[in-house]
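Asks: Predicted model follows, preceded by the sequence.
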Amino acid sequence: MGVLHLTRSVWEQIRAHGEETYPHECCGALLGVSMAGGWKVEAAVAAGNTRTDSAHNRYHIAPLELVKIEREARRQGLGIAGFYHSHPDHPAQWSPTDFAEAHWLGCSYVITAVAQGKAAVTNSFLLAGTTEEDKRFEQDTILVEGDVVSPERC
Ligand SMILES: [Zn+2]
């Protein structure tokens, strides 16, 4: 299990983005520095959702946009820590499509459920493994300013 450290403002930004684009999915990238056991995220970059076929359950960041995001990250001394998107009226769990389209081994994939336009549960999944063949999602612990917010305690 990995640990994803978020600042309060990044946490609020990615959740607000999901509310803004509801009933469509939002998506974006997370920039940060790697640390023992996970990532410390310093910034979130919103991306345009370029999938027009079914923007409510698919997300995609255009390759050119991703190149720009990576360049900007490097300029700030940061790396791509992961990606985020929302699930309008669906649980904050990865879908088979999310898994198939996840290729950044060692990065975290954050999913926020947006229920009736309001951000609900946010979860993060680390893409573990060493190759495309043995990759797998492992649930991260999300810390916001040091407080555990995911997985939710029952
Ligand atoms: Zn998804």
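Replies: Looks like it arrived, so ask away. Residues are numbered from 1 along each chain as shown.
Asks: Only C-alpha atoms from now on, for both contacts and neighbour counts.
Replies: Will do.
Asks: Pairing-wise in the sheet, spell out the partners of Pro88.
Replies: Val114 (DSSP bridges).
Asks: Return the distance of it relative to Glu42.
Replies: Counting by Cα to Cα, to the nearest Å, the gap from Pro88 to Glu42 is 25 Å.
Asks: Who has more neighbours out of those two?
Replies: The neighbour count for Pro88 versus Glu42, taken as other Cα atoms under 10 Å, is higher for Pro88 (26 against 18).
Asks: I figured the more buried one hits Ala115, correct?
Replies: Yes: judged on Cα atoms under 8 Å, Pro88 makes contact with Ala115 at a distance of 6.2 Å.
Asks: Which secondary structure element is home to the residue nearest to Phe137 when sequence neighbours are not counted?
Replies: Closest residue to Phe137 apart from its sequence neighbours, by Cα to Cα, 6 or more residues apart in numbering: Leu127 at 4.7 Å. Counting by DSSP states H and E, the element that carries Leu127 is strand 118-128.
Asks: Give me the residues contacting that strand.
Replies: 1-2, 4, 15-16, 18-19, 91-93, 102-114, 135-142, 150-151 (Cα atoms under 8 Å, 6 or more residues apart in numbering).
Asks: Apply 6 Å and report the result again.
Replies: 15, 19, 92, 105-114, 135-140, 150 (Cα atoms under 6 Å, 6 or more residues apart in numbering).
Asks: Can you pick out the ones from the residues you listed that are in strands?
Replies: Among those, DSSP state E puts 108-114, 136-139, 150 in strands.
Asks: Would you check how far apart Lys135 and His60 are?
Replies: Applying Cα to Cα to Lys135 and His60 gives a distance of 19 Å.
Asks: no no, Ala36
Replies: Look at Ala36 and His60: by Cα to Cα, they are 29 Å apart.
Asks: Compare neighbour counts for the two and give me the winner.
Replies: When Ala36 and His60 are compared for neighbours, His60 comes out ahead with 19 against 8, by other Cα under 10 Å.
Asks: least trustworthy helix or strand in this protein by mean pLDDT?
Replies: When the helices and strands of the chain are compared on mean pLDDT, DSSP states H and E, helix 63-75 comes out lowest with a mean of 92.
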